[in-house]
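Visitor: this one's sequence-less:
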């Protein structure tokens, strides 16, 4: 196996240096949105799983506490997985393919690969697993209202 030319290695190193300059800011600014399959619950999170917003359709409040709590948790988890995948994509630009593969081996399979989002070819990947929430469109503020998670506290 032959080594790549030095010029190519220098060019790759320069691309990674440029990509790493503002990596922290780019990763910190990543947010992702997910919506449950019925479109009643929408969650926005960071890659670390911090819930930034939660929006509920009025009909969600009539589905029962158990359904609502499970759906909120699943939707927020899915949004965090989307955000985590986006942050891994940014990190891969800096690390390169080999280091990214090693990182994935150490921390577990990336969300996109686990869900089949990265499959190419004659297989049609599902955007999300059958029971997982679907990603939400970035707009649609009709009939959706902000929700105060503290209203779910059990002491009320």
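Guide: That came in fine, so what should we check first? Here the structure is a predicted model, which means the values were calculated and not measured.

Visitor: Check the secondary structure at residue 109 for me.
Guide: coil (DSSP: H, G, I helix; E, B strand; the rest coil).

Visitor: Let me see the backbone angles for it.
Guide: Dihedral pair for residue 109: phi -60, psi 140, per degrees, to the nearest 10.

Visitor: That one: how many residues sit nearby?
Guide: Neighbourhood size, residue 109 [other C-beta atoms under 10 Å]: 10. For the C-beta atoms, the positions are set from N, CA and C on the backbone; glycine is no exception.

Visitor: try residue 81
Guide: 23.

Visitor: please begin residue numbering at 26 from this point
Guide: With 26 as the first residue, the last one maps to residue 106.

Visitor: pLDDT score for the closest residue in space to it that isn't next to it in sequence?
Guide: Excluding its sequence neighbours, the residue lying closest to residue 106 (C-beta to C-beta, 6 or more residues apart in numbering) is residue 136, at 4.1 Å. Listed pLDDT for residue 136 reads 75.

Visitor: got it, and residue 85?
Guide: Looking at residue 85, its pLDDT stands at 95.

Visitor: likewise residue 162?
Guide: Looking at residue 162, its pLDDT is 48.

Visitor: pretty sure residue 37 is in contact with residue 121, am I right?
Guide: Yes - using C-beta atoms under 8 Å, residue 37 is in contact with residue 121, at 7.0 Å.

Visitor: Could you count how many residues lie near the residue nearest to residue 106?
Guide: Counted with other C-beta under 10 Å, residue 136 comes out at 19.

Visitor: what about it, distance to residue 42?
Guide: 27 Å (C-beta to C-beta, to the nearest Å).

Visitor: And residue 106, by the same measure?
Guide: As judged by C-beta to C-beta, residue 106 and residue 42 stand 29 Å apart.

Visitor: just residue 73 next, same as before
Guide: To residue 42, residue 73 is 26 Å away according to C-beta to C-beta.

Visitor: who's in contact with residue 45?
Guide: Counting by C-beta atoms under 8 Å, 6 or more residues apart in numbering, residue 45 touches residue 119.

Visitor: Quick one, grab the pLDDT at it.
Guide: On pLDDT, residue 45 comes in at 72.
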